[in-house]
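Enquirer: I need the structure of the sequence given here:
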Amino acid sequence: MDGQNNFTRCIMKKLICCCLLCLLTYTAQSQALIALVFGGKITNTRLRVGIYLGASGSWITEGDGQVPRYGLAIGAYTNYRLQEKWDLVLNIVMKQPKGANEMNYDNKLIAPLDSNLIGTDIDRRVTYLDVMPMIRYNITPSWGIAFGPQLAARTTAKDTYKKDDENGTLSYQVKTKDYIKRIDVGLSFDVQYTLMKGHGMRLNATYNLGLMNFYKDNAGLTGKHQQILVGVGIPIGKTK
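Expert: Numbering: from 1, shown residues only. Next up, the predicted model:
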């Protein structure tokens with residue numbers, strides 16, 4: 001009976017993860033499409049949409065010996081003015097690079113097949129689709145701060161082992177999706193400066209704080225994602 005209950009719980013967890021992944025993917029694709037195709041038509045004094053382009057630096061808690069992983073983040077945003085000082089913001093990043101580079105071999109998930117790579121550092125690369133609904137307080141027409149939850153759906157996960165010798169670079173890459181949870185949860189903190197006294201491009205600095213262990217139980221590891229994003233939001237359409 002216990003075995004059957006455990007099996008049922010496992011199936012339910014997988015179904016919930018799949019549903020959340022589908023929902024996040026649909027939401028991201030819909031917002032990006034709206035921003036690109038209809039941005040100029042739906043933009044008004046309260047509602048604004050645009051494209052987001054950013055640079056990311058990420059690392060993992062409890063990842064010994066690591067250096068940050070850097071990458072590019074691409075997405076879209078929607079900003080709705082609630083009151084003079086308050087906005088409701090939905091940021092969606094369709095390609096959110098996370099992980100870390102040069103982690104100690106002790107953090108391995110799958111050992112390399114080549115014995116020459118045993119003991120080498122690991123580049124751990126995990127990519128997510130992120131949805132960040134936030135409340136923004138506008139200190140001035142240009143400056144604002146925001147806070148909210150972060151929901152992420154894992155899309156890719158892989159580890160790379162590399163070793164340089166006199167014959168060149170020896171490399172081995174392995175997919176690690178079976179050891180990384182599909183869903184990650186965190187908090188987002190954002191500082192924004194908007195050009196043209198609140199009507200132009202947006203310059204954002206965002207800190208994403210992971211709240212949960214993103215490794216599955218079979219990994220035997222503990223770690224949370226940490227990330228800093230610096231990017232620009234390009235509005236689509238003119239304010240009416």
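Enquirer: tell me which element the residue most central in space within the chain is part of?
Expert: Per C-alpha atoms, centre = their mean, the C-alpha nearest to the average position across the chain is that of Gln96, at 3.8 Å. Using DSSP states H and E, Gln96 falls within strand 86-103.
Enquirer: buried stuff in that strand?
Expert: Across strand 86-103, burial judged by 16 or more other C-beta atoms under 10 Å covers 87-103. In this view, the C-beta of every residue, glycine as well, is placed from N, C-alpha and C.
Enquirer: what packs against the next helix or strand after that strand?
Expert: Remark: after strand 86-103, the chain's next helix or strand is strand 122-138, criterion DSSP H and E. Counting by 3 or more C-beta pairs under 8 Å, 6 or more residues apart in numbering; DSSP states H and E, the packing neighbours recorded for strand 122-138 are helix 2-33, strand 67-81, strand 86-103, strand 143-165, strand 183-194.
Enquirer: and the ones you listed, which one's lowest on average pLDDT?
Expert: Between the helices and strands packed on strand 122-138, the one with the least mean pLDDT is helix 2-33; it has a mean of 46.
Enquirer: buried set for the helix or strand containing Val230?
Expert: Element membership for Val230 (DSSP H and E) is strand 225-235. Using 16+ other C-beta under 10 Å as the burial criterion, the residues of strand 225-235 that qualify are His225, Gln226, Gln227, Leu229, Gly231, Gly233, Ile234, Pro235.
Enquirer: surely Leu47 and Tyr80 touch.
Expert: Yes: look at Leu47 against Tyr80 with C-beta atoms under 8 Å: they come within range, at 5.4 Å.
Enquirer: mutual contacts of those two, please.
Expert: Residues touching both Leu47 and Tyr80 (C-beta atoms under 8 Å, 6 or more residues apart in numbering): none.
Enquirer: re the thing from before, then the strand holding Val230 to PDB, C-alphas only?
Expert: C-alpha atoms of strand 225-235 as PDB (Å, rounded to 0.1, in the frame of the first residue of the first chain):
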ATOM      1  CA  HIS A 225      20.100  30.000  -7.900                       C
ATOM      2  CA  GLN A 226      21.300  33.500  -7.400                       C
ATOM      3  CA  GLN A 227      21.300  36.000 -10.300                       C
ATOM      4  CA  ILE A 228      21.900  39.600 -11.200                       C
ATOM      5  CA  LEU A 229      20.400  41.000 -14.400                       C
ATOM      6  CA  VAL A 230      21.200  44.300 -16.000                       C
ATOM      7  CA  GLY A 231      19.100  45.100 -19.000                       C
ATOM      8  CA  VAL A 232      17.100  47.500 -21.100                       C
ATOM      9  CA  GLY A 233      13.400  47.600 -21.800                       C
ATOM     10  CA  ILE A 234      12.500  48.900 -25.300                       C
ATOM     11  CA  PRO A 235       8.900  50.200 -25.400                       C
END
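Enquirer: could you name the helices and strands sitting against that strand?
Expert: In terms of contacts (3+ C-beta pairs under 8 Å, 6+ apart), strand 225-235 is packed against strand 47-60, strand 67-81, strand 86-103, strand 202-210.
Enquirer: Arg124 versus the nearest residue to Asp121 once chain neighbours are set aside, what's the distance?
Expert: What sits nearest to Asp121 in space, not counting adjacent residues and going by C-beta to C-beta, 6 or more residues apart in numbering, is Glu102, at 4.3 Å. Separation of Glu102 from Arg124 (C-beta to C-beta, to the nearest Å): 9 Å.
Enquirer: who touches both of those two?
Expert: By C-beta under 8 Å, 6+ apart, no residue touches both Glu102 and Arg124.
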